[in-house]
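> next input, structure requested:
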Amino acid sequence: MNAVAVRTMLAAAAALAAAGLAIFVIAPRLQTEPPPLRIMPQEEPLSPDARKELEVESPSIPIKAFEDTTLVRFDLAKPLLETVYPPLRTRDIVWQSQVGFRRRSDQNRPTPWPEHPKGEWTLRTNHAGFRMDAELDLSKRTFAITGDSHLDGACSNDESVAGLVTAALATEDPELQVANVACGGYSLHQYLGALEFLCGDTPGELVDTDRAISLETLAVAIYGGNDFSELLKLRHEFRGTRRPLGWGRDNERAKPLRKASPSVFGQALSSLLYFRNAPSEIDVAMDEALAITEELERHANRRGIRLVFLYLPSAITSEPQLHEELLEPVAGALEITPEQLAEEDRLGDALIAGLQKQGADIIDVRPLLADGQQHFWSQDLHLNLKGQAVVAAALLDWYRQPAR
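Alright, predicted model coming up:
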């Protein structure tokens, strides 16, 4: 079977390692390290009575940014958040109000990586849990970049999109602070939460558009391989709805395949199988995605923040010929058709059409990666150094153009 378009989601190990979302945190909240997540077994169901008890003990705060906001969101207390993200089994993650969770502070961990020219890269966080060497200075003009683990970077900080943008703008605008607000496990709700955190918004209170903020520019990278399916976790949580029956019908037969090829499942196939078994969720996910991007646009417009969205495809969608060995055994065993593999691009096209209708600035990264070269690591299907450089160059080209 030919490996046509597939979306590539988070490699299991990399997903967990990357799942501590780097977030913008207001300075007073950084004085103490939040407590570690209490990890619940993935199979442990939460009974209605247990959930009601948690809600009484730790009530969620509705988030209504504007008077006429229709997007349904809550600031989830730690115990409830843990029930939404039970697979997070790493102590590298700490709970953080509103955005949800982030990486542990002050990490400096070499990560062996045979494909890397140096044979390894270093996972380093600052005291706020950002993938940055410098500390975040909320008094400085800021260009923030957010996304999931691809923008967080399976690379050292200076090799990531944010690191490359930082270096490129250092001489052009030395007073500008470039901040990496990306981390694995993020999806669109977290991108919006990161913006609100940086602007100093308080859950449950309307946006204060008169407040002075340091955020001047925000780039939001949306990853087609898994952002659409991952945002459904919170979408169902916030609205009190359930996933359709049959959504996990492939789980049992996929178990050994998932163990053998975690990167393929993490980066794309888990999402593909979910939407194959629950096609009604495709429209739900797209509606939620566009509701969130519209809210991001409203924040930006009312506060004078320059905002751009980047659409990032999966490795198997953008360079299928380079990952056939990884994909074909899994796709064949699960009877995944070329039509199903192409769903990621259709979702990407629909998102871009919706963003265009909203009047947003968009960078479609797909054509930039279609040069026959490899832009994703074979090891885990995250952006490699070349891929980081391509995305950084596109973002810099946009940034240097006059604002519309």
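
> could you pick out the longest helix of the chain?
If you go by DSSP state H, the chain has its longest helix at helix 280-303.

> can you name the next helix or strand after it?
The first helix or strand that comes after helix 280-303 along the chain, using DSSP states H and E, is strand 306-312.

> let me see the mean pLDDT of whatever helix or strand comes next after that next one.
Sequence-wise, the next helix or strand downstream of strand 306-312 (DSSP H and E) is helix 315-318. Helix 315-318 carries an average pLDDT of 93.

> which other helices and strands does the helix or strand just after helix 315-318 contact?
Counting by DSSP H and E, the next helix or strand C-terminal to helix 315-318 is helix 324-333. In this structure, helix 324-333 packs against helix 251-260, helix 262-264, with contacts taken as 3 or more CB pairs under 8 Å, 6 or more residues apart in numbering; DSSP states H and E. Backbone N, C-alpha and C define where each C-beta goes, glycine included.

> buried set for helix 324-333?
Buried positions in helix 324-333, judged by neighbour count with 16 or more other CB atoms under 10 Å: 326-327, 330-331.

> so residue 290 makes contact with residue 358?
Yes. The criterion here is CB atoms under 8 Å, and residue 290 meets it with residue 358 at 7.3 Å.

> which one's more surrounded, the two?
residue 290 (18 against 15; other CB atoms under 10 Å).

> how about the contacts made by the residue in the chain sticking out farthest from the centre?
Largest separation from the mean C-alpha position in the chain: residue 49, at 31.8 Å (CA atoms, centre = their mean). By CB atoms under 8 Å, 6 or more residues apart in numbering, residue 49 lies in contact with nothing.

> show me where this protein has strands.
According to DSSP state E, the chain carries its strands in the segments 61-62, 74-75, 93-96, 100-103, 108-112, 120-124, 142-146, 177-180, 215-223, 306-312, 361-364.

> lowest average pLDDT across the ones you listed?
In terms of mean pLDDT, the lowest-scoring of those is strand 93-96 (a mean of 75).

> now that strand, how far from the centre of its chain.
Relative to the centre of its chain, strand 93-96 is centred 15 Å away, using CA atoms, centre = their mean, to the nearest Å.

> what is that strand packed up against?
helix 78-84, strand 100-103.

> any idea which of these is most buried?
strand 100-103 (a mean of 27; mean count of other CB atoms under 10 Å).

> adjacent strands (with direction) for it?
strand 93-96 (antiparallel) (DSSP bridges).

> can I get the partner strand in PDB? Just the C-alpha atoms.
What follows is strand 93-96 as a C-alpha-only set of coordinates in PDB (Å, rounded to 0.1, in the frame of the first residue of the first chain):
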ATOM      1  CA  ILE A  93       4.200  18.200  34.400                       C
ATOM      2  CA  VAL A  94       2.800  20.600  36.900                       C
ATOM      3  CA  TRP A  95      -0.700  22.000  37.000                       C
ATOM      4  CA  GLN A  96      -1.300  25.600  36.100                       C
END
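
> check contacts around the spatially closest residue to residue 322 that is not a sequence neighbour.
Distances taken as CB to CB, 6 or more residues apart in numbering put residue 374 closest to residue 322, at 5.3 Å, once the chain neighbours are dropped. Contacts were defined as CB under 8 Å, 6+ apart; by that measure residue 374 touches 319, 322, 384, 386.

> only the buried subset of those residues, as a PyMOL command please.
Command for PyMOL, covering only those of the contacts of residue 374 found buried under the criterion 16+ other CB under 10 Å:
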select buried, resi 319+322+384
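
> can I get the contacts of residue 374 in JSON lines with distance to residue 367?
Below are these laid out as JSON lines (distance: CB to CB, whole Å):
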{"residue": "319", "distance to residue 367": "13"}
{"residue": "322", "distance to residue 367": "17"}
{"residue": "384", "distance to residue 367": "18"}
{"residue": "386", "distance to residue 367": "15"}
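
> hmm, which two among the contacts of residue 374 are most spread apart?
By the measure CB to CB, 322 and 386 form the most distant pair in those, at 11.9 Å.

> what is the neighbour count of the closest residue to residue 75 other than its chain neighbours?
Distances taken as CB to CB, 6+ apart place residue 203 nearest to residue 75, at 3.7 Å, with adjacent residues excluded. Residues lying near residue 203 (other CB under 10 Å) number 19.

> got it, and residue 334?
17.

> over to the one 3 residues further on?
As a burial measure, the neighbour count of residue 337 was computed by other CB under 10 Å and equals 11.

> kindly report the same for the one 5 residues further on.
With neighbours defined by other CB under 10 Å, the count for residue 342 comes to 15.

> quick check on the closest residue to residue 213 other than its chain neighbours: phi, psi?
Leaving aside its sequence neighbours, residue 213 sits nearest to residue 199 (CB to CB, 6+ apart; 4.9 Å). For residue 199, the backbone dihedrals (degrees, to the nearest 10) come out as phi -80, psi 0.

> show me what contacts residue 199?
Contacts of residue 199 (CB under 8 Å, 6+ apart): 207, 211, 213, 215, 299, 303.

> returning to what we had before: quick check: which of the strands of the chain is buried the most?
The highest average neighbour count among these, using mean count of other CB under 10 Å, belongs to strand 100-103 at a mean of 27.

> export that strand to CSV, keeping only CA atoms.
Output of strand 100-103 as CSV, limited to C-alpha atoms (Å, rounded to 0.1, in the frame of the first residue of the first chain):
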residue,chain,number,x,y,z
GLY,A,100,-4.0,23.8,32.5
PHE,A,101,-0.5,22.5,32.9
ARG,A,102,3.1,23.2,32.0
ARG,A,103,6.6,21.8,32.2
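
> still on that earlier bit, in ChimeraX, how would I select the buried members of the contacts of residue 199?
Buried residues within the contacts of residue 199, by 16+ other CB under 10 Å, are selected in ChimeraX with:
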select :207,213,215,299,303
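
> what about residue 66, distance to residue 303?
Residue 66 sits 12 Å away from residue 303, going by CB to CB, to the nearest Å.
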